[in-house]
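Q: need a structure here:
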Amino acid sequence: MKDQEEEEDKKRNDEFEKNNSEWCKQYLGDIEARDKATAKKKQNSANLKAKGNKFFKAKNFPGALEQYMEALMLMPYDGTAIITNIAQTHIKLKQFDDALEFLERALAVDPKNVKVRS
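A: So this is what the prediction gives:
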(Lines give C-alpha, C1' and ligand atoms only; values in the text may rest on other atoms or scores of the structure.)
Protein backbone atom coordinates (compact mmCIF):
# COMPACT_ATOMS: atom_id res chain seq x y z
CA MET A 1 0.00 0.00 0.00
CA LYS A 2 2.74 2.45 1.00
CA ASP A 3 4.84 1.53 -2.06
CA GLN A 4 1.84 2.14 -4.30
CA GLU A 5 1.25 5.59 -2.76
CA GLU A 6 4.91 6.49 -3.19
CA GLU A 7 4.81 5.35 -6.81
CA GLU A 8 1.68 7.47 -7.47
CA ASP A 9 3.32 10.49 -5.80
CA LYS A 10 6.39 10.05 -7.96
CA LYS A 11 4.25 9.90 -11.10
CA ARG A 12 2.39 13.07 -10.10
CA ASN A 13 5.66 14.83 -9.29
CA ASP A 14 7.23 13.77 -12.57
CA GLU A 15 4.16 14.97 -14.47
CA PHE A 16 4.21 18.31 -12.63
CA GLU A 17 7.91 18.82 -13.34
CA LYS A 18 7.38 17.93 -17.00
CA ASN A 19 4.52 20.43 -17.35
CA ASN A 20 6.23 23.16 -15.29
CA SER A 21 9.89 22.73 -16.10
CA GLU A 22 10.66 26.46 -16.24
CA TRP A 23 9.02 27.09 -12.87
CA CYS A 24 10.86 24.13 -11.30
CA LYS A 25 14.18 25.37 -12.70
CA GLN A 26 13.55 28.84 -11.28
CA TYR A 27 12.47 27.36 -7.92
CA LEU A 28 15.66 25.30 -7.65
CA GLY A 29 17.71 28.34 -8.66
CA ASP A 30 16.04 30.40 -5.93
CA ILE A 31 16.84 27.73 -3.34
CA GLU A 32 20.48 27.66 -4.44
CA ALA A 33 20.75 31.46 -4.32
CA ARG A 34 19.19 31.57 -0.85
CA ASP A 35 21.57 28.87 0.38
CA LYS A 36 24.57 30.77 -0.97
CA ALA A 37 23.38 34.04 0.61
CA THR A 38 22.84 32.34 3.96
CA ALA A 39 26.29 30.73 3.85
CA LYS A 40 27.86 34.11 3.05
CA LYS A 41 26.00 35.80 5.92
CA LYS A 42 27.07 33.02 8.27
CA GLN A 43 30.72 33.40 7.22
CA ASN A 44 30.59 37.19 7.57
CA SER A 45 29.01 36.81 11.00
CA ALA A 46 31.75 34.38 12.06
CA ASN A 47 34.41 36.82 10.83
CA LEU A 48 32.82 39.67 12.82
CA LYS A 49 32.65 37.46 15.91
CA ALA A 50 36.34 36.60 15.52
CA LYS A 51 37.19 40.30 15.23
CA GLY A 52 35.09 40.94 18.32
CA ASN A 53 37.01 38.23 20.18
CA LYS A 54 40.30 39.92 19.25
CA PHE A 55 39.03 43.28 20.49
CA PHE A 56 37.76 41.65 23.69
CA LYS A 57 41.14 40.00 24.37
CA ALA A 58 42.80 43.38 23.78
CA LYS A 59 40.36 44.91 26.31
CA ASN A 60 38.83 47.10 23.61
CA PHE A 61 35.32 46.40 24.83
CA PRO A 62 33.50 49.08 22.80
CA GLY A 63 35.13 47.71 19.64
CA ALA A 64 34.23 44.15 20.63
CA LEU A 65 30.63 45.14 21.29
CA GLU A 66 30.35 46.79 17.88
CA GLN A 67 31.65 43.67 16.10
CA TYR A 68 29.42 41.33 18.10
CA MET A 69 26.33 43.45 17.44
CA GLU A 70 27.04 43.46 13.69
CA ALA A 71 27.48 39.68 13.79
CA LEU A 72 24.18 39.33 15.61
CA MET A 73 22.42 41.52 13.02
CA LEU A 74 23.61 39.19 10.25
CA MET A 75 22.63 35.95 11.99
CA PRO A 76 20.09 36.72 14.73
CA TYR A 77 18.92 33.11 15.07
CA ASP A 78 22.29 31.37 15.08
CA GLY A 79 22.55 30.13 18.66
CA THR A 80 23.69 31.82 21.83
CA ALA A 81 27.45 32.28 21.37
CA ILE A 82 27.25 35.84 20.04
CA ILE A 83 24.51 36.77 22.51
CA THR A 84 26.58 35.60 25.48
CA ASN A 85 29.64 37.42 24.13
CA ILE A 86 27.57 40.61 23.97
CA ALA A 87 26.41 40.09 27.55
CA GLN A 88 29.99 39.50 28.74
CA THR A 89 31.11 42.68 26.97
CA HIS A 90 28.34 44.67 28.63
CA ILE A 91 29.51 43.31 31.99
CA LYS A 92 33.06 44.49 31.26
CA LEU A 93 31.63 47.91 30.36
CA LYS A 94 29.65 47.89 33.63
CA GLN A 95 26.40 48.10 31.65
CA PHE A 96 24.66 45.59 33.85
CA ASP A 97 21.08 46.21 32.69
CA ASP A 98 22.11 45.57 29.10
CA ALA A 99 24.09 42.49 30.16
CA LEU A 100 21.06 41.11 31.97
CA GLU A 101 18.87 41.70 28.92
CA PHE A 102 21.20 39.71 26.68
CA LEU A 103 21.61 36.94 29.25
CA GLU A 104 17.82 36.62 29.39
CA ARG A 105 17.72 36.47 25.59
CA ALA A 106 20.33 33.72 25.61
CA LEU A 107 18.30 31.74 28.15
CA ALA A 108 15.18 32.17 26.03
CA VAL A 109 17.06 30.63 23.09
CA ASP A 110 18.76 27.90 25.12
CA PRO A 111 17.44 27.43 28.68
CA LYS A 112 20.12 24.83 29.49
CA ASN A 113 23.09 26.98 28.42
CA VAL A 114 25.73 26.50 31.11
CA LYS A 115 27.75 29.56 30.10
CA VAL A 116 24.76 31.84 30.69
CA ARG A 117 24.03 30.33 34.09
CA SER A 118 27.59 30.70 35.40
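Q: tell me the secondary structure for the most centrally placed residue in the chain?
A: By C-alpha atoms, centre = their mean, the chain has its centre lying nearest to D78, at 2.8 Å. Judged by DSSP: H, G, I helix; E, B strand; the rest coil, the three-state class of D78 is coil.
Q: distance of it from D14?
A: Distance, D78 to D14, using C-beta to C-beta, to the nearest Å: 37 Å. Glycine gets a C-beta too; all of them are placed from N, C-alpha and C.
Q: in the chain, which spans are helices?
A: Using DSSP state H, the helices of the chain run over 2-19, 21-57, 61-74, 81-92, 96-109, 114-117.
Q: can you redo those helices as a markdown table with mean pLDDT and mean neighbour count?
A: What follows is the helices of the chain, written out as a markdown table (pLDDT from 0 to 100; neighbours: other C-beta atoms under 10 Å):
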| stretch | mean pLDDT | mean neighbour count |
| --- | --- | --- |
| helix 2-19 | 86 | 10 |
| helix 21-57 | 93 | 13 |
| helix 61-74 | 97 | 19 |
| helix 81-92 | 95 | 21 |
| helix 96-109 | 94 | 16 |
| helix 114-117 | 79 | 12 |
